[in-house]
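Participant: based on what follows, work out the 3D shape:
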Amino acid sequence: MKEISAAQYKKSAHPTSFMQTVEMAKQRASQDQIVHFFQYENEFAFLNGTPYPNQTSKYLNFHIWFSDQLPSDFIGQLRNWCKANNGLSLTITPNTPKTLRDNHGKIIKKFNFDPSIFTKNNFKWQGLVLAPPGTYKQWQYIVKLDRPYPELLKSFKPKVRHGIATTQKTGISIEKLTTNHLAEFTKTLTYTADRRHFSSRDQKYYSSMLDAFDGDAYGLIAYLDPAKTRKLLETTIKNSKGIKDSADIIKKAQRQLEIIKDLKTQTPIYAGFFVDTPKETVHLAGGGPDQYFPFSPAYAILDQAMQHSVEKQIPRFNLYGVDAAFDHPTGLLKFKQQFNGFIEQLPGDYVAKFRPTTTLMLKAKSRLKL
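Facilitator: Residues are numbered from 1 along each chain as shown. Reported below is the predicted structural model:
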């Protein structure tokens, strides 16, 4: 095992996740973490170390994401390096599927993942790790982008197509995030974070992501112009009278008018953030105020993002976490199932702890300072 430069890593490594990219390493460094790049034969990895319990500490918790099955020797050498460099722990997250499941969670393929490469190096499986917004870290929902977008759109459930049409009929506009709109972008995401009781990321995070990925990370914001939308809805009501299913159409339009009756200015009603890599686009974050969901802005945002990915010939779209409640799906899983994708189950985190006594002491000192 040898340490290499960021330039060497970028030239030779082929990350399967945005978490393994040089751009993400730059993002970690901007958060005052230390970053190192390593090569072992034809395998590459970067690890980031977070000082614990604060930025002045010499002790670090290290983390590595890996693309594929790992040589046991590489794992052992990384473990020894972290321990020798004031490591309290090393967490390894393999980014290779353990099983593939269909749209409803039924196993369709198993892979030969061997946990012994970790256990014989004194790593322990961390168990199911809950990540916001209430999903498990090792379950992710994937949509294949393997056809022209019009054909892909036809494969989605009717609710998706109807939702996209709703935004078009009500004049919702989708704009790309710029640094001038970071405040309202992060505020829009906060509504969902508050509803689901998790901490949302701040402006600095999204600003640094835009900077680190230089065009391969982007945000989209759905805006509602109340004057324009009222006019369109009133026209819909007027033109619907006397046609088939007019009662339902009019009722929906009237409900939407009621939602925006007190709205005076153009308002962001949903936001999404995405990262492109050669392998996939990741939908990293999304959210907005609940009261505007009848305008279906989430479908419109994802519609534009997926069109963008197809144009860039990115082979898949990662909608990220699900909670694996396949017998009684949650609203979040039901939403993602509308896109007729499949589910990947990753192995999860494996953790080696080096200095348990020191860790307890540091935790105790940290509590005393609170």
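
Participant: now do the contacts for residue 145.
Facilitator: By CB atoms under 8 Å, 6 or more residues apart in numbering, the residues touching residue 145 are 152, 306, 309-310, 314-317. Glycine gets a C-beta too; all of them are placed from N, C-alpha and C.

Participant: pull out the buried residues from stretch 63-78.
Facilitator: 63-67, 70, 74-78 (16 or more other CB atoms under 10 Å).

Participant: scratch that, stretch 245-265
Facilitator: Quick answer for stretch 245-265 (16+ other CB under 10 Å): 249-250, 252-253, 256-257, 259-260, 263.

Participant: out of the contacts of residue 145, who has the most neighbours?
Facilitator: residue 317 (24 neighbours; other CB atoms under 10 Å).

Participant: can I take it that that one is in a strand?
Facilitator: Yes. Using DSSP: H, G, I helix; E, B strand; the rest coil, the assignment for residue 317 is a strand.

Participant: who touches whatever helix or strand residue 365 lives in?
Facilitator: Using DSSP states H and E, residue 365 sits in helix 356-369. By CB under 8 Å, 6+ apart, the residues outside helix 356-369 that reach it are 52-54, 57, 59, 88-89, 353.

Participant: list the contacts of stretch 48-66.
Facilitator: Applying CB under 8 Å, 6+ apart, the contact partners of stretch 48-66 are 17, 19-20, 25, 28, 32-36, 45-47, 78, 82, 85-96, 355, 358-359, 362-363, 365-366.

Participant: restrict it to CA atoms and write it as CSV.
Facilitator: This file holds the C-alpha atoms of stretch 48-66, laid out as CSV (Å, rounded to 0.1, in the frame of the first residue of the first chain):
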residue,chain,number,x,y,z
ASN,A,48,-11.3,11.1,5.5
GLY,A,49,-10.5,11.7,9.1
THR,A,50,-12.7,13.8,11.4
PRO,A,51,-11.0,15.2,14.5
TYR,A,52,-12.8,14.0,17.7
PRO,A,53,-14.2,15.7,19.7
ASN,A,54,-13.3,19.0,18.0
GLN,A,55,-11.1,20.4,15.3
THR,A,56,-8.2,20.9,17.7
SER,A,57,-8.0,17.2,18.6
LYS,A,58,-5.2,15.0,17.4
TYR,A,59,-7.5,12.0,17.5
LEU,A,60,-9.6,11.1,14.4
ASN,A,61,-12.4,8.9,13.4
PHE,A,62,-11.6,7.7,9.8
HIS,A,63,-14.1,6.7,7.1
ILE,A,64,-13.6,5.0,3.7
TRP,A,65,-16.1,4.2,0.9
PHE,A,66,-15.0,1.4,-1.4
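
Participant: just the buried residues of that stretch, please?
Facilitator: So, applying 16+ other CB under 10 Å, buried residues of stretch 48-66: 48-53, 59-66.

Participant: list the ones among those that fall in strands.
Facilitator: Among those, DSSP state E puts 48-51, 60-66 in strands.

Participant: these: which two are farthest apart?
Facilitator: 51 and 66 (22.9 Å; CB to CB).

Participant: hmm, back to that, same question for the helix holding residue 365, mean pLDDT?
Facilitator: Averaged across helix 356-369, pLDDT comes to 86.

Participant: can you pull the buried residues of that helix?
Facilitator: 359, 362.

Participant: please apply the same query to stretch 270-279.
Facilitator: Applying 16+ other CB under 10 Å to stretch 270-279 flags 270-277, 279 as buried.

Participant: then stretch 25-40?
Facilitator: Under 16+ other CB under 10 Å, the buried positions of stretch 25-40 are 25-28, 33, 35-40.

Participant: what is the end-to-end distance of that stretch?
Facilitator: 19 Å (CA to CA, to the nearest Å).
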